[in-house]
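Asks: Here's a sequence, model it:
(chains A, B and C)
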Amino acid sequence: MPELPEVETVVRGLQTTIVGETIQDIEIPWSKALQPDSAYDSLIGKTIHGVSRRAKFINIELDRGSLVVHLRMTGKLSRLYPEKYVTVILHFQSGNSLFFQDMRKFGRMVYTEDKQEFFAHLGPEPLSDDFSVSLFQDMLKEKNRMIKPLLLDQTFLAGLGNIYVDEALFQAGVHPESFAKLIPKKQSGKLHQAIRHILSESIRAQGTTVVNFSHGENQSGTYQAALQVYGRRGEPCQDCETPIEKIKLGQRGTHFCPRCQKTYR
DNA sequence: CGGCCATCCTGCACGC
DNA sequence: TGCGTGCAGGATGGCC
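Replies: Presented below is the predicted three-dimensional model:
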């Protein structure tokens, strides 16, 4: 499951490989993966001028407009033919190609001429300078919602996924069912720090790569071992040895230590 | 506004 | 062995 750090790693790779390429042709084995329907015509002949990241979106900038990619659960971009689960192939004039592989077919490539508009609904970038402790504390203060689903809401804060939210809440000692506006300043400060720490550390680890969809199976990153609650139901908490619990919250599997994480309600 | 549900997809774990 | 069932999950959209 690619989270923000994995996406960042992919983007850095693409910056050194596909910038300057011109799209000559596109194959679309899974038609839903490339949107809108007119995207094919819009993309032919376009040259890639840069690659950047916004939240978990990969923004491939063209001479006009952008090709925005979201990998969702199982999407991967690769320069080599992956054989299985290929949904879109960009063929470049150079003879090189870029393959979009996605077993679960949730991932999307979207052509947009107005990326500002496309990203307009997203909340702040958790790693940006703008995202200060005081801003975060102000944002929490006005939200009468449980903290876990709130942190997953991309319009509130853009880029956190299920795994890192559980980890950040554990590190901050905040129970996922706490109400945002009731979290004391000290704890929301810790939470802010935990979010940024986890994200930047796993970017440093070359994109975490938490747990594969097959559960517990390592892919490539080194951050897996650093996970303290996610996927550890029943295992002793590393701080107090109380078994880690798993509940469903906002339709998401949610892991936490019932002793170390305090509920504010 | 907030919470809940269904939807999209597929592979895998589990129970019988 | 093989089958059926349920689960996982990012984001969106609909409903109450």
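
Asks: Who are the packing partners of the longest helix seen in chain A?
Replies: Scanning chain A for the helix with the most residues, using DSSP state H, yields helix A:185-204. Helices and strands touching helix A:185-204, by 3 or more C-beta pairs under 8 Å, 6 or more residues apart in numbering; DSSP states H and E, are helix A:4-17, helix A:133-141, helix A:162-172. For the C-beta atoms, the positions are set from N, CA and C on the backbone; glycine is no exception.

Asks: could you redo the last one with a cut-off of 10 Å?
Replies: Helices and strands touching helix A:185-204, by 3 or more C-beta pairs under 10 Å, 6 or more residues apart in numbering; DSSP states H and E, are helix A:4-17, helix A:133-141, helix A:147-152, helix A:162-172.

Asks: between the ones you listed, which gets nearest to DNA strand C?
Replies: helix A:162-172 (3.4 Å; C-beta to the nearest atom of the strand).

Asks: circling back to that earlier point, next SSE after the longest helix of chain A?
Replies: strand A:245-249 (DSSP states H and E).

Asks: Any idea how far that next one is from the middle of the chain?
Replies: Computed by C-alpha atoms, centre = their mean, to the nearest Å, the separation of strand A:245-249 from the middle of its chain amounts to 21 Å.

Asks: downstream neighbour of it in the secondary structure list?
Replies: Defined by DSSP H and E, the subsequent element after strand A:245-249 is strand A:252-256.

Asks: Please list the residues of chain A that sit near DNA strand C.
Replies: A:1, A:3, A:55-56, A:70, A:72-73, A:104, A:106, A:121, A:152, A:154, A:161-163, A:213, A:248, A:251-253 (C-beta under 7 Å from any atom of the strand).

Asks: Of these, keep whichever come out buried.
Replies: A:1, A:3, A:55-56, A:70, A:152, A:154, A:161-163 (16 or more other C-beta atoms under 10 Å).

Asks: Give the burial count for the residue of chain A found nearest DNA strand B, as a bare number.
Replies: Ranked by C-beta to the nearest atom of the strand, the top residue of chain A for proximity to DNA strand B is residue A:145, at 3.5 Å. Neighbourhood size, residue A:145 [other C-beta atoms under 10 Å]: 15.

Asks: Please verify my assumption that it contacts residue A:181.
Replies: Yes: counting by C-beta atoms under 10 Å, residue A:145 does reach residue A:181; the two are 8.3 Å apart.

Asks: Tell me how far residue A:254 lies from residue A:237.
Replies: Plainly put, residue A:254 is 15 Å away from residue A:237 if you go by C-beta to C-beta, to the nearest Å.

Asks: ok, what's across the strand from residue A:110?
Replies: Beta-bridge partners for residue A:110, by DSSP bridges, are residue A:35, residue A:68.

Asks: Domains in chain A, by residue range?
Replies: Structural domains of chain A, as assigned by automatic domain parsing, span the residue ranges A:4-118, A:133-256.

Asks: Tabulate the ones you listed (a markdown table), appending mean pLDDT.
Replies: What follows is the domains of chain A, written out as a markdown table (pLDDT from 0 to 100):
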| stretch | mean pLDDT |
| --- | --- |
| domain A:4-118 | 95 |
| domain A:133-256 | 87 |
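
Asks: Now do the contacts for the spatially closest residue to the residue of chain A closest to DNA strand B that is not a sequence neighbour.
Replies: The shortest distance from residue A:145 to any non-neighbouring residue, by C-beta to C-beta, 6 or more residues apart in numbering, is to residue A:180 (5.6 Å). Contact partners of residue A:180, counting by C-beta atoms under 10 Å, 6 or more residues apart in numbering, are A:139-151, A:156, A:174, A:188, A:191, A:264.
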